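Participant: got a sequence here, can you build the structure:
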Amino acid sequence: MGVLQLSRKTGVITGDDVLRLFEYAQENNFAIPAVNVTSSSVVVSTLEAARDAKSPIVLQISNGGAAYFAGKGVSNDGQNASIAGGIAAAHYIRSIAPSYGVPVVLHTDHCAKKLLPWLDGLLDADEAYFKLHGEPLYSSHMIDLSEEPVDYNIQTTAAYLKRAAPMKQWLEMEIGITGGEEDGVNNEDVDNNSLYTQPEDILAIHNALAAVSPYFSIAAGFGNVHGVYKPGNVKLHPELLSRHQQYVQEKVGHKKTKPVFFVFHGGSGSSKAEYKEAIGYGVVKVNLDTDMQYAYLTGIRDYILNKKDYLLAPIGNPDGADKPNKKYFDPRVWVREGEKTMSKRVQEALDDFNAAGQL
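Facilitator: The predicted structure follows:
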């Protein structure tokens, strides 16, 4: 299979391997879940699911998630905690990922204009790592200037891609606003028309970025919303992605019917049919965060509710007043319950996106 033609079959992949993986996904109508990770526990939950499903996976770290890796007690003035945490998380993932036997795309999530110093700091780390190892620390980054004027968005993204290009590093960008709220960015009151990207913008982005590097993808708005919502409350129009592909192909004269690598943001809560349709139009990566957070909680919640009488004191439980409870309150026990329920939810996503069994 095409995935097995990667030069690195396990662990964090970069450069041409990322391009080959996304090309293979597009050709074979599957997408790779991109799971936001905030701790080593969330990392291994996701890797375990990918291993068991024989699937590639994207591990992505948000600005807030990176700061959490550094520790909530560390000041984030000047993005110091997010930079330090992002670097630490990357080294941890690079160390542990090969043990799970699957290719991993290591990615950073939304970086709005106010967070660009964070991205700058991580790119400094990428370049330092590249000098030593011939590849960047991260497989890819995401720059989100969707709230800025389109011209500024494209020009700034192109400048960052130019910096990443010598390392063959992937860059994901966003055009069209994803509604809802995530990681401190609130677009809950945005006008609905802003949720839908125009084909002319996709073409302008493609032309500007393709002139710099082939290593880029576009998160286009087709009604996406971050967070939790009731079915029917969000009007997704995946068919817009098909129109974008056709428009770019016609204007550029591209030989591929799907010349653009699309990313599906605000994926939590979407229907299987919506996922399938979007993937058919060239989506290769689907972001999942809210669903995974809740899945992680459920295992811990249920454990605590079921074992409540064993968690009220270090000693003393229904089995006896002198019985110790250490084996019940040991964090490795109850954290593992969250890992298991989250891993199961990741496996469901791998099945939904047709990624399971691709290795």
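
Participant: in a strand, Lys323, correct?
Facilitator: Yes - under DSSP: H, G, I helix; E, B strand; the rest coil, Lys323 falls within a strand.

Participant: CA atoms of stretch 14-24 as PDB?
Facilitator: What follows is stretch 14-24, C-alpha atoms only, in PDB (Å, rounded to 0.1, in the frame of the first residue of the first chain):
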ATOM      1  CA  THR A  14       8.000  14.800   8.100                       C
ATOM      2  CA  GLY A  15       8.500  16.300   4.600                       C
ATOM      3  CA  ASP A  16       7.800  14.100   1.700                       C
ATOM      4  CA  ASP A  17       6.300  11.400   3.900                       C
ATOM      5  CA  VAL A  18       3.600  13.800   5.100                       C
ATOM      6  CA  LEU A  19       2.900  14.700   1.500                       C
ATOM      7  CA  ARG A  20       2.700  11.000   0.400                       C
ATOM      8  CA  LEU A  21       0.400  10.200   3.300                       C
ATOM      9  CA  PHE A  22      -2.000  12.900   2.500                       C
ATOM     10  CA  GLU A  23      -1.900  12.000  -1.200                       C
ATOM     11  CA  TYR A  24      -2.600   8.400  -0.400                       C
END
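
Participant: which residues of this protein score low on pLDDT?
Facilitator: Applying pLDDT under 70 to the chain flags residues 1-4, 177-195, 225-234, 267-269.

Participant: how deep is the closest residue to Ile315 other than its chain neighbours tucked in, by neighbour count?
Facilitator: Once flanking residues are discounted, Ile315 sits nearest to Pro324: 5.5 Å by CB to CB, 6 or more residues apart in numbering. From N, CA and C alone the C-beta is placed, and that goes for glycine too. Neighbours of Pro324 under the rule other CB atoms under 10 Å: 14.

Participant: same for the helix or strand where Trp334 lies, what does it pack against?
Facilitator: Using DSSP states H and E, Trp334 sits in helix 331-352. Using 3 or more CB pairs under 8 Å, 6 or more residues apart in numbering; DSSP states H and E as the contact test, the elements touching helix 331-352 are strand 32-36, helix 40-53, strand 283-288, helix 290-306.

Participant: and for Val333, nearest residue in space, chain neighbours not counted?
Facilitator: By the measure of CB to CB, 6+ apart, the closest residue to Val333 outside its immediate chain neighbours is Lys327, 6.7 Å from it.

Participant: typo on my end, Thr14
Facilitator: Nearest residue to Thr14, sequence neighbours excluded (CB to CB, 6+ apart): Glu135, at 4.4 Å.
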